[in-house]
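Asks: Sequence plus predicted model, see below.
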Amino acid sequence: MKLNGDHVLKAPRNVVWDMLMNPDQLVKITPGISELNKRDETNYEAVSEVKIGPVKGKFKGDLELKDLVKPESFTLVVTQQSKIGNVKADVVIHLDEVGNGDTQITFDGNAQMSGLLARTGARVVSGVANSLTKQFFEAFDKEIELMNT
Amino acid sequence: MIPASFEYKKANSIQEALAMLGEDDKILAGGHSLVPAMKLRLNMPEALVDISKIEAIQEIRNNDQTITIGAGATHASISRNEDLKKHAPMVAEVAGMIGDIQVRNRGTIGGSIAHADPSADWPAVLLAADAKIVIASANGNREVDVDQFFKGFYETALNDNEIITSIKIPKSAANANSCYMKFVQPASRFAIVGCAAAIAKDNGTVSAARIAFTGVSDSAYRAKEIENALKGGDLSADHIETACAGATAGVDVMSDHFASEKYRAHLACVYAKRAISRL
Amino acid sequence: MSFIGKSVKRIEDKRFLTGKGKYTDDIKLVGMTHAHIVRSPYAHAKVLSIDTAAAKAHDGVVAVFVGSDIEGIVGVPTGWQVNFKNGDTMKEPAHPLLVRDNVRHVGDAVAVVIAETKEIARDAADLVEVDYDVMDAVTDPKKATAPGAPQVHPDAPNNICFDWELGNPVEEVDAALASAHHVTTLEFINQRMIPNAMEPRSAIGHYDDALDKYTLYTSTQNPHLIRLLLCAFVLGIPEHKVRIVSHDVGGGFGSKIFHYTEEALMVWVSKQINRPVKWTSDRSEAFMTDAHGRDHVTTANMGFDKDGKIVALKSDTFANMGAYLATFAPAVPTYLHGTLLQGLYTTPLINVNVVAAFTHTNSVDAYRGAGRPEATYLLERLIDLGALEMDMDPAELRKKNFIPAFDGIEQPGYQTQVALQYDSGDYQPVLDKALEMVGYEDFRAEQKKSLENGKLLGIGFSTYVEACGIAPSAVVGALGARAGLFESAQVRVQPTGKVSVYTGSHSHGQGHETTFVQVVADKLGIPMEDVDLIHGDSDAVAFGMGTYGSRSLAVGGSAIVKSIEKVLEKGAKIAAHKLEASVDDLDYAEGKWTVKGTDRSIAFGDVSLTAYVPHDYPADLEPGLDFSSFYDPANFTYPFGCHIAIVEIDKETGKVKLKRFIAVDDVGNVINPMIVDGQIHGGLAQGIGQALLEGAIYDEGGQLINGSYMDYTMPRADDLPSFEIDRTVTPCPHNPLGVKGAGEAGCIGSTPAVVNAVIDALWKAGHKVKDIQMPMTSERVWNAMNN
Amino acid sequence: MEITVKVNGKQVTREVEGRTTLSTFLREDLSLTGTHIGCDTSGCGACTVHVDGKAVKSCTLLAGQVDGCEVKTIEGLAENGKMHPLQDSFKEKHGLQCGFCTPGMIMLVSDFLETNPSPSEDEIRHALEGNFCRCTGYHNIVAAIKDAAETMSA
């Protein structure tokens, strides 16, 4: 499954970068993530709960930040396991300055599902992914707003 | 296929159901979306609160300006209701198009819209019909305009501690017509594209239009661009064709192995045209 | 009393209509436990560790087993061996009951949990923790053989199972194609089908330690074959210690031929726990693990001379075997496909090349028609496309190329370029009859007119010949079959003249309990109520090879006829003794022996009573009236037919509506027309389903992404029209009933007819596309009109 | 929990788990194995029975939901040994082969014919939307239903 899109955040690039590198912030803005335990600078253990429509599952796994080019780009590698199936996603994230001190996040990657998640139809799963992305950026916007006020 | 263990709680009234409803519980109405998901263990609630025996929410009442459909009314009973056939024929018609006979015998309108499957028929029809959703909670009842109800992918304005009790459908005016047409996903028979159109005319000119889609995006939506293009014009084939070009304007169109984004967007135009042309 | 040729209503129906059918999952045994199998969510991964401690500790769990617990058992075998064209033996990697090292497809079995109830087994299965190292997967048979593709088995380099060739030398065929007036070339995929028998598979293993005997209740098409494989190849248990029971089976379509790992596993587990154990598949498991069908990637060329005569045919196919070889898998793309590429045409030069490849997908086996639908699809798409490209009429082009009629008696059988010799055939009448039924000329006029009105109509043809009644043991033995393909039958006449017939054929919807009884009652001249058919129990039936390849009546029925002949021969001796006449002076008719030219006679029941109460009896004759026979056919049988589809395409959406379907089939003599028609109907629906609706979809990671009825499009009643069917009768010259087989014909002929109809509609509207990938979904057809 | 259900005219009381589906209750607790399980997700219709006279998919209904209801299964369709006209017609018109989908088909159609006693072929085909048959291609099922409808309305 392809994962791609973009979103403009009302914050300078280095602020966005720092937020993305800060586990406490990430837990706040990432939908469903309940725990993010730092193993080292770029590796985390993540526990999340996804609850959308017919799907509700508790996921556990790794989150790794790779190929860090501060403050421009990095690759996010997420592997998550659950009883309803597993997900492995590789997403390249770019941060671009787009004027007015705003930053555009562009992401492009692939998620490979297995087990029941893969079998129950791409429609539900891609919908979940879109929905989570939307929620993520909404929360990100909100967090930036809070920071700005 | 065996669901994980859960507690089954039967509610005799909405008040009782609300009181029973715990944080990790689910409401069981017809069960036709929930039970299969539980059998696949995509969902493992602690308990189910069964509201399917509450007769008070199964009635379909003919009021002055509206028909009030109890949330527990089955698709089958809606499709056969004479008041709806007369005053809101699109609603009765679509009820007979959902699922199959067995599903219609058990599935309820309340369960369907609470579930908010992005390809279900009801959301588009209720949007076009300008319905109101009546919701109960421990704090009393509230009424939500359908335009504010469907929020996103399986997401509605309904909170976890609330239950839909009825849906109010305004009676169709003498100068208005409506219909729903869908292009089905051949396996599930859910909509790849479903278009509900409700149009009022004054002397051949469109005075009001509500055009809504399901299946196209991650949530049912109103195609405002079509509505605006239609208003003030006639329903000539050319005019309809031009108006329907805006079926997916500003919308993220879904894609799956039955219909790519491009094809789905094309179907949305075609089905808008077909639905509107019937009016 | 004459029953042959009559549409006798089915004897078996009553139990099905009243809910008294007995399918495997309906069986409950005292002390029975329940199994749930833990399956891989990955297509290709190394199993690093399996932790079963929590599952074992769960209340109500009896045992948990993993691959390393099953020592000394290699796994389930395939039933055929096909060699490389250079003579090397095919690669045959082990198919273990539970994986030992790597998982090789989604659904591969990793562990089995046994518990007191199925609910507990299911719950405990969630507690089995498996640690996987996930690897890349390959699902396409052509890509699997490319350099650098992920490897399925270490002992099958480049994932090649075999590379096989048949027919005329490729140089000759290439030369003929090079000098042909026109060559039609088609690259296409014959997509992977999921059989979807409505009854999910089920197996109950029961080891009885007092008798040291094993019983396996299983939903199979061939109980004796399962016993043979289970005993000789898998568990090494002597056959007299094993009983296989297969009562009612809810459809097979080839998917219940395979000797599945679950069957052997339940037998093995039952011995370990000394209790019966039941496993029943749920639909998700069925999608993942019931043997799939088809899955060929093919490039084919058909050369024509300027008159439209076919001068040569060449095909190159990559056949997907899946991760492990199923029971018939190697035979399907080779001996059931390559050998059929003569079709019913006089093509003088044919070369067939098949590369069978392992992939990280579920096993592929026989699916209704098995190989023959793929062959027919290849030929019939090419000839129809050839007609379009050369601007010739598709019906005329076929007539031009038909093999002239031959009955196999006066005229010899037809020797093909691809090994087989057809028994009898008369091909033009089926086409003529179908053309008449469809009203061909009127249709072409209507098609033209409706195009002017903006409607897209199309007509598609398919004329086919297939090979049924598999098969002569010597022939298939030479071709690599590891068993004979004869059939056995016992006709046991009871003292009162009532008859119990035991057949090694297996009925799972085909109506043997009626058709076979019709044959017996007819031949013996007794009422049908006096005859019962027993099948599906290896302790009751002496032997059998089972039901597939449209073989039951042609082979199993012939074995019954042989036994009846023996009964009548012995009966005549008893009758002659009682009537004090010579055997030669007796006639047998209407259930009695009569001395020619007199009214002296003795009824069948009196003779049978005498056989069991032999007080006044021929001196040198054994008592009893009970005969077994084994029938090994002399040749395959070759049914043929013509199918025509008429479709209408919605121009705006690409949606195809099948408006009419005409089928004229020749399946030789017909015992029960009602049942034969029913077999044709069912086959048509599956063939049409392949053209328009069905097909497995694996993603690049090897996940089956349409593994449920929400996503895999099964044909429903409103997807299909009522069928218009008829038949011609060209008897089989080499079996006593003259029958050819009807179970697969509908499925073999129909698919290309529908695809050809869509292509015809598009060409007539100016869209000159050569192919639309099946299933022809609305979007694919729309794309073909709009690219 | 304890439920009391009238099944094929006979009152039964049983203790069941919350997660027990009606189909499991019928097959396992009452040994009424004529109701078949063909899928997991109410897709195939093989498990169709009547609850209070209406056709439902028993694999998607919980046993708890039918507490106090009347359930009719294929085993209870023939009355006093006399087959229902649909049972007769399915035999007469060869509307079944392997028999696995048959009980569900018949239970569905016996409800359908109550609401539409003389359906057209299109209506029949549409009514069968929730029931798969893999054997017959539906041709003879449709013929059987037409035949039964005529008998029943005669």
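Replies: Sure, I can see it. Everything numeric here is computed off the predicted structure, so don't read it as measured data.

Asks: Let me know the pLDDT of residue 66.
Replies: Just so you know, I chose chain A. Note for A:Lys66: predicted pLDDT of 91.

Asks: that's the wrong chain, I meant chain D
Replies: So, for D:Val66, pLDDT stands at 97.

Asks: got it, and B:Val49?
Replies: Reported pLDDT for B:Val49: 97.

Asks: excluding its backbone neighbours, what's nearest the most centrally placed residue in chain A?
Replies: Taking Cα atoms, centre = their mean as the criterion, A:Thr30 is the residue nearest the geometric centre of chain A, at 6.2 Å. Once flanking residues are discounted, A:Thr30 sits nearest to A:Phe136: 5.9 Å by Cβ to Cβ, 6 or more residues apart in numbering or on different chains. Placement of C-beta: from N, CA and C, glycine included.

Asks: do you know how far the one you found is from D:Lys57?
Replies: A:Phe136 sits 38 Å away from D:Lys57, going by Cβ to Cβ, to the nearest Å.

Asks: and the two? which has more neighbours close in?
Replies: A count of neighbours by other Cβ atoms under 10 Å in any protein chain shown puts D:Lys57 above the other of A:Phe136 and D:Lys57, at 34 against 19.

Asks: how about the more buried one, what does it touch?
Replies: Residues counted as contacts of D:Lys57 (Cβ atoms under 8 Å, 6 or more residues apart in numbering or on different chains) are B:102-103, B:106, D:42, D:45, D:47-48, D:130.

Asks: Any regions of the stretch 401-550 of chain C where pLDDT drops low?
Replies: Along the stretch 401-550 of chain C, the model assigns pLDDT under 70 to no residue.

Asks: if we can go back for a sec, from the contacts of D:Lys57, which is closest to D:Leu61?
Replies: B:Arg106 (6.8 Å; Cβ to Cβ).

Asks: ok, which stretches of the chain are strands?
Replies: Picking chain A for this. For chain A, the strands defined by DSSP state E cover A:2-9, A:33-40, A:43-52, A:55-69, A:73-81, A:87-97, A:103-113.

Asks: that answer is for a different chain, and I need it for chain D
Replies: Under DSSP E, chain D gives strands at D:2-7, D:10-15, D:48-51, D:54-57, D:70-72.

Asks: which residue does chain B bring closest to chain A?
Replies: Per Cβ to the nearest Cβ, B:Tyr154 is where chain B lies closest to chain A, at 2.7 Å.

Asks: Please tell me the pLDDT value assigned to the residue nearest to that residue when sequence neighbours are not counted.
Replies: Of all residues not flanking B:Tyr154 in the chain, A:Gly53 sits nearest, at 2.7 Å (Cβ to Cβ, 6+ apart). On pLDDT, A:Gly53 comes in at 74.

Asks: quick one: low-confidence ranges for chain D?
Replies: Low-confidence segments of chain D (pLDDT under 70): none present.

Asks: Nearest to chain B: which residue in it?
Replies: Nearest residue of chain D to chain B (Cβ to the nearest Cβ) works out as D:Gly130 at 2.7 Å.

Asks: Tell me how far A:Pro54 lies from chain B.
Replies: Taking Cβ to the nearest Cβ, to the nearest Å as the measure, A:Pro54 falls 4 Å from chain B.
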